[in-house]
Each structure stands twice: as structure tokens, then as C-alpha cells.
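> generate coordinates for the sequence data below:
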Amino acid sequence: MSDSTLSDNLHRLMHVYRSRLRAEVSVRDLGLPITHIRALKGICSNPESTAHSIAQRMQRDKAQITRVLKELLNDGLIEKQPNPKDGRSQLLFPTAKGSAVLTEVLKAEQHTADVMTRSLSSKELERFTELTARMVENLTNKSEGGR
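The predicted structure follows:
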């Protein structure tokens, strides 16, 4: 497989996956862009989430994440509480509404993944997961070629 074919296939996979996930989220009438979903998932999975940690985890600039978090706050999906460890930052938590939305998001993701992988064996999926994890590691490991 040539490098351009690999690159093209990865781009197509990402584009088609996101498109299908957006459609699945739309069917469930959740009304959230993918960036908002990722931020909500990060907040729900980490009880020590702050705006800074979400920006770092998502590799987005702080201004963009600030806007996303403000919209999640305005929609009643998350809430802020003072961080007892430093008194300056604020911890982010899902509300009951945010947790319910995340449950629907996870169902949408599972359905999309089921459709995406329906013709693959469990062994092929396991191998794909292993290979993509190594590729991510290769691209993020600065001493081994990542920048």
C-alpha cells in the first residue's frame, strides 16, 4: 500500500465516520456538534476536568474550548465548581441532563461503530485497534519521529 493510499484511506475513514456519527446524533435530536460531544465526554470521564485539561486533551486552543464550555453551561449540560485544590481554577461536572445526553451519545457512537465494523471479524477489529494505537503512538512520541 502506498503512503498516499494509506493517507487517503485514513482521511476517508475519519470523514465518513464523523459524517455518520453526526447523522446518528441528529436522528437522536441531541443538537450537539462533535467538538461539544468530545468536551462533554472528557468532562464525564474525568472528575478532575478543568477548561485547561479539556483544551490539552482535545489539542484545541483555549479560546475555542472556552466557547464550547460556555455553550455546554448555557445548555445546562455541565456545571462549574471551585477547585478545592488551588482555589483559582474551576472543576467541570456533568449535570443530570448532561449525563443523559452522554448516554445517548454513547448509543449513537456504538451504533455507528457497529455499522462501520459489521463486515469485520473480531480478530480483524483487534488487529485494527492494535495498529491504530501504534500509529498514534508513533505520531505522538517526539523521540521516535513525532514533532
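
> okay, how far is it across stretch 26-44, tip to tip?
Stretch 26-44 has an end-to-end distance of 21 Å (C-alpha to C-alpha, to the nearest Å).

> tell me which residues of it are tucked away?
Within stretch 26-44, the residues that qualify as buried by neighbour count (16 or more other C-beta atoms under 10 Å) are 30, 32, 36-44. Heads up, the C-betas are built off the backbone N, CA and C, glycines and all.

> pLDDT wise, what is Lys85 at?
In the predicted model, Lys85 carries a pLDDT score of 85.

> how about the one 10 residues further on?
Predicted confidence (pLDDT) for Thr95: 96.

> hang on, isn't Ile65 packed against Ala39?
Yes. The pair Ile65 and Ala39 passes the contact test of C-beta atoms under 8 Å, sitting 6.8 Å apart.

> now do the shared contacts for those two.
54, 58 (C-beta atoms under 8 Å, 6 or more residues apart in numbering).

> max-length helix in the chain?
The residue-count maximum for a helix in the chain (DSSP state H) belongs to helix 3-27.

> neighbouring contacts of that one?
Here helix 3-27 makes contact (C-beta under 8 Å, 6+ apart) with 32, 34, 37, 105, 108-109, 111-112, 115-116.

> could you redo the residues you listed as TSV and give each row pLDDT and secondary structure?
Output for these, formatted as TSV (pLDDT from 0 to 100; DSSP: H, G, I helix; E, B strand; the rest coil):
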residue	pLDDT	secondary structure
Leu32	86	coil
Ile34	84	helix
Ile37	90	helix
Val105	91	helix
Ala108	92	helix
Glu109	91	helix
His111	94	helix
Thr112	94	helix
Val115	95	helix
Met116	94	helix
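
> ok, of those residues, which one's closest to Arg60?
Distances from Arg60 to those, taken as C-beta to C-beta, are shortest for Ile34 (11.8 Å).

> which residue is the nearest non-sequential neighbour of the closest one?
Nearest non-adjacent residue to Ile34, counting by C-beta to C-beta, 6 or more residues apart in numbering: Arg18, 6.1 Å away.

> and Thr50, what does it touch?
Contacts were defined as C-beta under 8 Å, 6+ apart; by that measure Thr50 touches 83, 89-92.
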